[in-house]
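J.: Give me coordinates for this.
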Amino acid sequence: MKYTLILVAILFSGCFYEPKTPTKINQVTKPPIKTAIKGIITELSYNLDDYCYHIVSTDTSNAKLENIKFCSPKFYYHKGDLVYATFLNNKIQSMLLIKEAKNSQQIIKNGKKNIKSNIITPKEEKISFD
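T.: Reported below is the predicted structural model:
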């Protein structure tokens, strides 16, 4: 009788025992943060294969950024230009030119002038057949 009670207890204990299954942890992925700025490029420098920009905002409506500093391997626009830039997770996605600066510094190559090209042509010519 003792052994049957122990046997029945062991059988029923197996029915009530539930092993713990590992629970799956749902990883919450954050949606990408998209921001924008409309402003003037106040600083432009070149450091180790990257162009570093500092843009100060002229329009902060609709949750636009006030200012931003970032570096990009691509050259976009010159210092003083009015631009609209969009960022995805703090990386530049695109930059559009709104208005070019009046004193935009552009690279101008000065070559040697050809002396022969400065010859003045005569304004009138007289030909006589005698």
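J.: ok, residue 65 - how many residues close by?
T.: Around residue 65 there are 16 other residues, counting by other Cβ atoms under 10 Å. Using the backbone N, CA and C atoms, a C-beta is placed for each residue, glycine as well.
J.: is it fair to say it lies in a helix?
T.: No. Under DSSP: H, G, I helix; E, B strand; the rest coil, residue 65 sits outside any helix and is assigned coil.
J.: okay but it is in contact with residue 57, surely?
T.: Yes. Applying Cβ atoms under 8 Å, one finds residue 65 in contact with residue 57, separated by 6.1 Å.
J.: For the top strand by length along the chain, buried residues please.
T.: Counting residues, the longest strand in the chain under DSSP state E turns out to be strand 34-47. By 16 or more other Cβ atoms under 10 Å, the buried positions in strand 34-47 come out as 36-41, 44.
J.: try stretch 79-90
T.: Neighbour-count burial for stretch 79-90 [16+ other Cβ under 10 Å]: 79-85, 87.
J.: that older thread, output the buried residues of strand 34-47 in a markdown table; the columns should cover distance to residue 128.
T.: Shown next, in a markdown table, are those (distance: Cβ to Cβ, whole Å):
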| residue | distance to residue 128 |
| --- | --- |
| 36 | 77 |
| 37 | 76 |
| 38 | 73 |
| 39 | 72 |
| 40 | 68 |
| 41 | 67 |
| 44 | 66 |
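J.: residues making contact with the longest strand of the chain?
T.: For strand 34-47, contacts defined as Cβ atoms under 8 Å, 6 or more residues apart in numbering pick out 51-59, 63-65, 67-69, 71, 77-88, 90, 93, 98.
J.: could you give the angle of whichever helix or strand comes after it to strand 34-47?
T.: Next along the chain after strand 34-47, taking DSSP states H and E as the criterion, comes strand 50-59. Using axes from the mean of the first three to the mean of the last three Cα atoms, to 10 degrees, the inter-axis angle of strand 50-59 relative to strand 34-47 is 140 degrees.
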